[in-house]
Structure formats: C-alpha cells, structure tokens
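J.: I'd like to go over a predicted model; first the sequence, then the structure.
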Amino acid sequence: MSLLNLQASYFALGNPLAWLERRFHRYRHHQTLRINQREIEFSWTDRAETALQHRRRALVVDLQLYFSCVVKKRVLFHQPPMDFESFRVNDKIELYFRPIASAACDPNEFATRYPPGRDLSAGAAARMLPRSVEIDYRRGNWQGQFYY
C-alpha cells in the first residue's frame with residue numbers, strides 16, 4: 001500500500017507566506033493598451049502605485065525578448081528618455097518592447113552579461129507582443145514579468 005504524498009499533491013497547501021503575499025498584494029491596478037492591433041493588459045500592485053506616485057518622471061518598463069542560445073524574457077526598468085519607440089500606459093509608466101538577437105551564443109557570456117546584438121524591430125519577432133505585463137515594487141526594487 002503506497003502512502004499519499006500530500007506535499008506534492010494538487011491539494012497541498014504550499015508555502016503560507018506565498019499565499020499571503022498573493023492575497024494581500026494583488027495586481028489591483030489595470031490598464032489596457034493597444035499596440036499593433038493587439039491588446040496588452042498592464043497590471044500593477046498597490047506598492048507599485050505608491051512608488052509611482054512618488055516619482056517625478058515616468059518609469060520605463062523595458063520588455064526584452066532576448067534570442068541567444070535560448071530565448072529569454074527580460075524586464076528592465078530605466079529612466080527616460082530612451083531611443084526606442086515607447087507606448088504610454090499612463091502619465092507615470094512608459095512601455096518598450098524590444099526583441100533582440102545576441103551577437104554570439106556563448107553560455108557563460110549569455111548568463112553574465114547578455115551581450116547586445118542586433119535589434120529585431122522588423123519581422124516576425126517584432127510582432128511577438130506579450131498579452132499581459134505585471135509590475136511590482138518590493139523591498140526597494142522594481143520587479144516585472146510578462147506573459148504570452
């Protein structure tokens with residue numbers, strides 16, 4: 001007779017701190033924007049909203065689809081202005097989407113420095129816009145992720 005492993009099952013409770021984090025810091029703020037005939041749902045938490053209200057300049061959310069040895073999604077945060085076409089989410093947030101091809105496929109270089117390559121702003125990669133973006137401000141740092 002085998003024992004039921006409740007920690008690895010569908011009914012497992014998981015980490016209660018992670019559950020509390022999701023419960024009390026939801027992505028409550030939403031804005032939908034349209035880029036190239038595609039709607040993108042942009043969401044942020046109350047912590048991010050508070051941090052945005054204290055900013056004098058807009059926060060630049062740079063979404064990178066980075067093609068190298070593997071494909072990696074990166075979310076970087078910058079100060080404006082940047083040389084790329086931006087999309088205004090609201091008066092405090094600007095969004096950039098950049099598909100980038102790496103100059104070389106060296107796993108060590110890729111893991112440490114993300115070597116710049118050519119910008120794939122034309123073609124199929126430029127049309128691979130995400131469906132949703134989420135940002136949070138936690139422990140003094142901006143965090144983000146995007147989904148397809």
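T.: All right, it came through fine.

J.: now the helices: where do they sit in the chain?
T.: Listed in chain order, the helices of the chain (DSSP state H) span 16-24, 46-53, 107-113.

J.: can I get the ones you listed in JSON lines with mean pLDDT, mean neighbour count and distance to residue 132?
T.: Quick note: C-beta positions are derived from backbone N, CA and C, even for glycine. JSON lines is the format used below for these (pLDDT from 0 to 100; neighbours: other CB atoms under 10 Å; distance: least, CB to CB, whole Å):
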{"stretch": "helix 16-24", "mean pLDDT": "71", "mean neighbour count": "10", "distance to residue 132": "16"}
{"stretch": "helix 46-53", "mean pLDDT": "94", "mean neighbour count": "16", "distance to residue 132": "15"}
{"stretch": "helix 107-113", "mean pLDDT": "68", "mean neighbour count": "11", "distance to residue 132": "26"}
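
J.: among these, which is nearest residue 94?
T.: Nearest to residue 94, of all those, is helix 46-53, at 11.6 Å by CB to CB.

J.: how about the CA coordinates for that closest one, as PDB?
T.: Listed in PDB are the C-alpha atoms of helix 46-53, where the atom choice follows Å, rounded to 0.1, in the frame of the first residue of the first chain:
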ATOM      1  CA  ASP A  46      -0.700  48.900  -4.700                       C
ATOM      2  CA  ARG A  47       3.000  49.000  -3.700                       C
ATOM      3  CA  ALA A  48       3.900  49.900  -7.200                       C
ATOM      4  CA  GLU A  49       1.200  52.500  -7.400                       C
ATOM      5  CA  THR A  50       2.600  54.200  -4.200                       C
ATOM      6  CA  ALA A  51       6.100  54.100  -5.600                       C
ATOM      7  CA  LEU A  52       4.900  55.600  -8.900                       C
ATOM      8  CA  GLN A  53       3.100  58.400  -7.200                       C
END
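
J.: now for it, which elements pack on it?
T.: Under the contact criterion of 3 or more CB pairs under 8 Å, 6 or more residues apart in numbering; DSSP states H and E, helix 46-53 touches strand 29-35, strand 132-138.
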